[in-house]
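Novice: how would this look folded up:
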Amino acid sequence: MPETDPMKFCCACGGVEMVARGKPIAVTACCCDDCQAGSKAIEALPGAAPILQSDGGTPYILCRKDRVSVVRGQELIEGRKLKPNSPTTRYHASCCNTGLYTDFGPGHWYSMFATALVGKPPPIEMRVQTKHRPDGAVSPDDAPIAPGYPISFMFRLLGARAAMLFGR
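Specialist: The predicted model follows:
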């Protein structure tokens, strides 16, 4: 995997800083019901910034867990689940309620909120789960649009897992 400059993710007030190293697994916008509800829950916190895009998509930069570290503010990171038994937890900075990342429990990646990236986010490579878009919502035509999870997305996740297993 070619090295890239580390990506820095910060909350709005600077209390939390995270760094992701290496090339992202994928850059997506997910329109699934769960991501919409989770993003809305964070957006509803006092002072929180918007996360959702106009088509209901949550923009993510997927990064391997072994390449993400907290530089500052670990004690300020709080997790929320939509349901107590959900494998998915969404994390935000308690200092200013900035959405930071989503962790699908059994997964080997973090879905970092692109809205927390310092600087310009990379272009979205695919829009997934678009069958769940709000009525009348139209996705931009800046990337392939998939009603579910395309096979290319699944291969990227599997490829990242294999690279982790082989220490790459």
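
Novice: what does the worst-scoring helix or strand of the chain on mean pLDDT contact?
Specialist: Between all helices and strands in the chain, the lowest mean by mean pLDDT, DSSP states H and E belongs to helix 151-165, at a mean of 93. Outside helix 151-165, the residues within contact range by CB atoms under 8 Å, 6 or more residues apart in numbering are 1, 25-26, 28, 62, 64, 66, 107-109, 126, 128, 146. Placement of C-beta: from N, CA and C, glycine included.

Novice: check stretch 130-145 too.
Specialist: Counting by CB under 8 Å, 6+ apart, 29, 31-33, 36, 54-57, 123-127, 146-148, 150 sit against stretch 130-145.

Novice: low pLDDT regions in this structure?
Specialist: Low-confidence segments of the chain (pLDDT under 70): 1-3.

Novice: for it, what spans make up the strands?
Specialist: If DSSP state E is used as the criterion, the strands of the chain fall at 7-10, 17-20, 26-30, 58-64, 68-72, 77-80, 88-93, 99-104, 109-113, 126-128.

Novice: dump the residue contacts of the nearest residue in space to F104 that is not next to it in sequence.
Specialist: Spatially, and ignoring its direct neighbours in sequence, F104 is nearest to T88 (5.1 Å; CB to CB, 6 or more residues apart in numbering). Going by CB under 8 Å, 6+ apart, T88 touches D34, G38, K81, L82, T102, D103, F104, G105.
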